[in-house]
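Undergrad: return atomic coordinates for the entry below.
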Amino acid sequence: MVLGRICAEWKLLQSAVEVTAVRVPATHHDFALLNALADTPATKATVQLASQKLAEALSLAAPSRASA
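TA: Okay, the predicted model is just below:
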């Protein structure tokens, strides 16, 4: 699995896309998508971090409203 992560990050870096890698110990693949694990601290923290990063990226991409 490490090789897959490294290859994916390399491709993103070549495309000039910012990459944030986060490891969540004591979890397994797709843990944040399983309803049975929706209320766990790991899932809540992961969804919050992903939401924060997405909001930051979208605010950077938004056109400035100051120009008039």
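
Undergrad: quick one: the longest helix seen in the chain to chain centroid distance?
TA: When the chain is parsed with DSSP state H, its longest helix is helix 41-61. Centroid separation for helix 41-61 versus its chain: 7 Å, with C-alpha atoms, centre = their mean, to the nearest Å.

Undergrad: and that helix, average pLDDT?
TA: When the per-residue pLDDT values of helix 41-61 are averaged, the result is 89.

Undergrad: ok, and what's touching that helix?
TA: When contacts are defined by C-beta atoms under 8 Å, 6 or more residues apart in numbering, helix 41-61 is touched by residues 18, 20, 22, 24, 26-27, 31-32, 37. For the C-beta atoms, the positions are set from N, CA and C on the backbone; glycine is no exception.

Undergrad: which of those residues are buried? Put it as a PyMOL command.
TA: This is how PyMOL selects the buried members of those, with burial counted by 16 or more other C-beta atoms under 10 Å:
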select buried, resi 31+32
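
Undergrad: L12: which of the contacts of helix 41-61 is nearest?
TA: Of all the contacts of helix 41-61, E18 has the smallest distance to L12: 8.1 Å, by C-beta to C-beta.

Undergrad: distance-wise, check the residue nearest to V24 when sequence neighbours are not counted relative to L33.
TA: Excluding its sequence neighbours, the residue lying closest to V24 (C-beta to C-beta, 6 or more residues apart in numbering) is A42, at 5.0 Å. Using C-beta to C-beta, to the nearest Å, we find A42 at a distance of 12 Å from L33.

Undergrad: tell me which of the two has more neighbours.
TA: Neighbours around A42 and L33, counted as other C-beta atoms under 10 Å, are more numerous at A42. The numbers are 14 against 10.

Undergrad: need the contact partners of the strand or helix carrying L12.
TA: Counting by DSSP states H and E, the element that carries L12 is helix 2-14. Among residues not part of helix 2-14, those counted as contacts by C-beta under 8 Å, 6+ apart are 19, 21.

Undergrad: report the rounded mean pLDDT for that helix.
TA: Average pLDDT, helix 2-14: 80.

Undergrad: now that helix: buried residues?
TA: Residues of helix 2-14 include none that count as buried (16+ other C-beta under 10 Å).
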